[in-house]
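J.: here is a sequence with its predicted model. Questions after.
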Amino acid sequence: MDEHMLGLAARPDRYRRFTARPFRRIHDRVVTDVVRAALPDGARILDVGTGPGNVPIRIGGRLPGVHVDGIDLSARMIAHAADAADAAGVADRVRFFAEDAAHTSYDDGTFDLVISSMSQHHWPDVPGVLAELRRILRPDGRVWIYDARMALGRCEQAARGYWPAAAVRRDVVRTGRVLPALFARLSVDAAR
Ligand SMILES: C[S@@+](CC[C@H](N)C(=O)[O-])C[C@H]1O[C@@H](n2cnc3c(N)ncnc32)[C@H](O)[C@@H]1O
């Protein structure tokens, strides 16, 4: 956990309350995008920098056929997320692990879809994380990284170093009709 988290990693319950409102719309958008992707039963999704696990738990509730893993550097966040998955009745398909996204224990080609929300700007080693995501992604897999528009530049640059130009795009994410577009999604479609 880095200093930008203002100590909230040590208090996952407080983090969840503190971010519930500002992150609600971006989380809604991630969940909607994943549901619309119409992944087949048995598909595997990874959420990088999952924090208290809100997004994987919501996806697990909407898509009973998929398996979602959430990873985070913070063991406290992971413990909180695992308890929340249990309480939500999805712990058989939504699991959480304390792992560094730059060095995971997953086999090559494990995931159909890797998502991440509001975490990328905390990654100390963005090229290292993207190299690892490329390794653990299926050859036809996708990566969707949602973050503040202003914070995604280094991630896009790193992604363009690992995948062909046609595979990488960045789109503005609108979270309300009147709000300025503060967020964006960096997408990699490895099949392209
Ligand atoms: C602002 S929180 C976002 C949490 C959650 N994704 C959300 O949308 O509420 C950022 C999280 O990224 C995690 N993180 C930062 N660098 C990481 C890394 N290299 N590997 C795994 N998790 C990381 C932090 O520990 C923190 O919990």
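T.: Received it, and whenever you're ready, just let me know what you need.

J.: drop to CA atoms for contacts and neighbour counts, all remaining ones
T.: Will do.

J.: what ranges does this structure have for its helices?
T.: For the chain, applying DSSP state H gives helices covering 12-36, 54-62, 75-88, 126-136, 153-162.

J.: quick one: buried residues of the helix or strand of the chain with the lowest mean pLDDT?
T.: The helix or strand of the chain with the poorest confidence is helix 12-36; it has a mean of 87 (mean pLDDT, DSSP states H and E). Across helix 12-36, burial judged by 16 or more other C-alpha atoms under 10 Å covers 12, 15-16, 26-27, 29-31, 34.

J.: average pLDDT for the longest strand belonging to the chain, rounded please.
T.: Identified as the longest strand of the chain according to DSSP state E is strand 137-148. Mean pLDDT, computed over strand 137-148, is 98.

J.: what is it packed up against?
T.: strand 111-117, strand 183-189 (3 or more C-alpha pairs under 8 Å, 6 or more residues apart in numbering; DSSP states H and E).

J.: residues touching that strand, excluding its own?
T.: 26, 30, 108-121, 182-191 (C-alpha atoms under 8 Å, 6 or more residues apart in numbering).

J.: for ChimeraX, what selects the buried ones among those residues?
T.: In ChimeraX, this line selects whichever of the contacts of strand 137-148 come out buried by 16+ other C-alpha under 10 Å:
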select :26,30,110,111,112,113,114,115,116,117,118,119,120,121,183,184,185,186,187,188,189,190
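
J.: out of the contacts of strand 137-148, which touch the ligand?
T.: 116-119 (C-alpha under 6 Å from any ligand atom).

J.: look up which residues are beta-bridged to the residue nearest to the spatial centre of the chain.
T.: When the chain is reduced to its mean C-alpha position, the closest residue under C-alpha atoms, centre = their mean turns out to be residue 116, at 1.8 Å. Counting by DSSP bridges, residue 116 is bridged to residue 145.

J.: doesn't residue 50 make contact with it?
T.: Yes: because the distance of 7.2 Å satisfies C-alpha atoms under 8 Å, residue 116 is recorded as touching residue 50.

J.: close to the ligand, is stretch 42-60?
T.: Yes: residues of stretch 42-60 contacting the ligand under C-alpha under 6 Å from any ligand atom: 48-51.

J.: same question, stretch 126-135
T.: No: judged by C-alpha under 6 Å from any ligand atom, stretch 126-135 stays clear of the ligand, getting no closer than 6.8 Å.

J.: what does that stretch contact?
T.: 101-104, 108-109, 114, 120, 123, 154-155, 158-159, 162.

J.: quick revisit: highest neighbour count among the residues of stretch 42-60 next to the ligand?
T.: Greatest neighbour count in the residues of stretch 42-60 next to the ligand, by other C-alpha atoms under 10 Å, goes to residue 51: 29 neighbours.
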